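Asker: Next come a sequence and a model predicted from it.
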Amino acid sequence: MSPLLVAIVCACINGLLAAMCSNTALTDADRAVITNKHNALRSSLARGTARTNSGNAPGGSNIYKLQWDCAIEASAQAWANQCKFDHSDPARTAQNLGENLATSFMTTTSAQLIESADMWWNEILNYKITRTSVIMTAAVFNTNVGHFTQMAWGSTTKLGCGVKSCGTYRITVCRYSLPYVTTL
């Protein structure tokens, strides 16, 4: 087997396909940072160690590890490039993608991505999650934990994000497949 073929096979096995994304707004290191951040937070929820305002959330199951998706990244980047801090148009719904947005004043992309993920995830602190309320429903989503819900949704398997400097602030757009919800 040729060395090039071995390298490609190893990259596929290790999930390093993000290196093939053509988006230049994110580096492979940025992609790894935001994917690892999401997966660490989702893992804490699965293990029952995710902090809430009343202790720890109950452990979960069937919370899949997220994989980076270059097509979703391109979609998120296209929206970020418009510098609109507003959810995108219904075309995103046709793509069956969930979406989280954030603005930041961080000076590095990795710091911006981490800050955005932390902000979305920390919505869990606004909702008292108990054994009887752990089922994520539209009612839960509408209690100001929608960004958290999208990050935590168990059947979500793919992630892609885009970032853009928009004058005095930077915008982060992350999109998810399968979505929990497609509009806020």
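Answerer: That came through, no problem.
Asker: Every contact and neighbour count from this point should use C-alpha atoms.
Answerer: Noted.
Asker: Report how many residues lie close to Asp118.
Answerer: Look at Asp118: counted by other C-alpha atoms under 10 Å, it has 15 neighbours.
Asker: again with Thr109
Answerer: For Thr109, using other C-alpha under 10 Å, the count is 23.
Asker: mind checking the backbone torsions on it?
Answerer: Phi and psi for Thr109, reported as degrees, to the nearest 10, are phi -60, psi -40.
Asker: Would you agree it is in contact with Asp30?
Answerer: Yes. The pair Thr109 / Asp30 is scored as a contact, 6.9 Å apart, by C-alpha atoms under 8 Å.
Asker: Show me the shaky parts of this structure.
Answerer: Low-confidence segments of the chain, defined by pLDDT under 70: 1-19, 90-94, 127-143, 181-184.
Asker: show me where it has strands.
Answerer: 51-52, 55-56, 67-68, 98-104, 158-166, 169-177 (DSSP state E).
Asker: Which secondary structure elements does the helix ranked longest in the chain sit against?
Answerer: Taking DSSP state H as the criterion, the chain has its longest helix at helix 28-47. Packing contacts for helix 28-47, counted by 3 or more C-alpha pairs under 8 Å, 6 or more residues apart in numbering; DSSP states H and E, involve strand 67-68, helix 109-121, helix 146-152.
Asker: Could you look over those and pick the most buried one?
Answerer: helix 146-152 (a mean of 24; mean count of other C-alpha atoms under 10 Å).
Asker: Give me the helices and strands touching it, please.
Answerer: helix 28-47, strand 98-104, helix 109-121.
Asker: Please name whichever of those is nearest to Val173.
Answerer: Closest to Val173 of those is strand 98-104 (C-alpha to C-alpha; 4.7 Å).
Asker: Thanks a lot, catch you later.
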